[in-house]
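> model the following, please.
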Amino acid sequence: METFVQQILNGLVLGSMYALVALGYTMVYGVLNLINFAHGDVLMIGAMVGLSILKLLDGVFPGLPGGVQLAIAIVGAIPVTMLVNVLIERIAYRRLRNAPRLAPLITAIGVSILLQTFAMMIWGRSPLPFPQLLSSDPVNVGGAVISHTQILLLVLAAAAMVGLVFLVEKTRMGRAMRAVAENPRVAGLMGVDSNRVIVATFAIGAALAAVAGVMWGANYASIQFAMGTVPGMKAFSAAVLGGIGNIYGAMIGGIVLGIIESLGAGYIGDLTGGFLGSHYQDIFAFIVLILVLTVRPSGIMGERVADRA
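Coordinates of the predicted model:
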């Protein structure tokens, strides 16, 4: 039972990060019907910028509490990732909104490669150690343990998700986003500036990815220029699992995928008689994804995408 509880906690931590990134995928798809495959690399940019800010703080303001340093790193990484994502939309995607679907897909892959190349040129190709800023003393929860960094990650992820739901459901910008997702032409006739809504959507998704990127580095203590590829793929899978275009589906899909992956890592050795180790944990997540999409192609919560008629 202690092992089970431990894997559930690990899954919630991992799933929270997947959910934050999946929200960026699903929001962009909701308003543009576009998959931004470069979004995982926005997470990487957030982590790299956060580390650079931490190094700067260590040189200029030594002795700052770890929690304050981490907060400053997150706050500093958010505007950088927002700028990067807005530039991606403006330069790479805007002219392709009415192009055949293959064109923006290939463009997104190209943007991903460019971001990784630029990151390699700036920060190098070797893995970079991410400093441990919070207490390393574990917190006991039902026989399992969780670190202070993981607790902070869960709190930040929950706050970000609640804030996003409030934004989408209760604010004027949220109503505009839902209108553009429902029918961009009609929304434009009603006075909604579609370009402004799309830019805001990219910016919000980037902010969530920045939080996930910095906390990913803080949790795993190491980052590198290609770190966004696998989390990006899994976050996209989580968005599809939950129902691409539905923010609630992205949250649920991320948490479910994280828990499945962690449970797989904890029990895969027993299930295969020792033939497979925990490093094969990815197969569980994608097997479940395939099974769910075979039974329900629209995902757990279905689709809420624009009707392009």
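
> give the other helices and strands that the helix or strand harbouring residue 112 contacts.
Using DSSP states H and E, residue 112 maps to helix 102-123. Under the contact definition 3 or more CB pairs under 8 Å, 6 or more residues apart in numbering; DSSP states H and E, helix 102-123 sits against helix 39-60, helix 229-242. For the C-beta atoms, the positions are set from N, CA and C on the backbone; glycine is no exception.

> buried residues in it, which are they?
Within helix 102-123, the residues scored as buried using 16 or more other CB atoms under 10 Å are 104, 107-108, 111-112, 115-116, 119, 123.

> state the mean pLDDT of it.
In this model, helix 102-123 has a mean pLDDT of 93.

> what residues does that helix touch?
With contacts defined as CB atoms under 8 Å, 6 or more residues apart in numbering, helix 102-123 is touched by 34-38, 40-42, 44-45, 48, 51-52, 84, 88, 92-93, 96, 225-226, 228-229, 232.

> rewinding a little: for residue 204, which of the helices and strands packed on helix 102-123 is the nearest?
Proximity to residue 204 (CB to CB) singles out helix 39-60 among the helices and strands packed on helix 102-123, at 11.8 Å.

> re the thing from before, among the contacts of helix 102-123, name the buried ones.
Neighbour-count burial (16+ other CB under 10 Å) applied to the contacts of helix 102-123 gives 34-38, 40-42, 44-45, 48, 51-52, 84, 88, 92-93, 96, 225-226, 228-229, 232.

> strands of the stretch 151-300 of the chain, residue ranges please.
Assigned by DSSP state E, counting those that start in this stretch, the stretch 151-300 of the chain shows strands spanning 222-223.

> so where do the helices sit in it?
For the stretch 151-300 of the chain, the helices defined by DSSP state H, counting those that start in this stretch cover 172-182, 184-189, 194-220, 229-242, 247-271, 282-295.

> hmm, back to that, list the strands paired with whichever helix or strand comes after the helix holding residue 112, with their directions.
Using DSSP H and E, the helix or strand that follows helix 102-123 towards the C-terminus is strand 128-129. Sheet pairing for strand 128-129, assigned by DSSP bridges, gives strand 222-223 (antiparallel).

> show residues contacting the strand it pairs with.
Around strand 222-223, the neighbours that count as contacts under CB under 8 Å, 6+ apart are 44, 47-48, 51, 127-130, 213, 216-217.

> no more questions from me, cheers.
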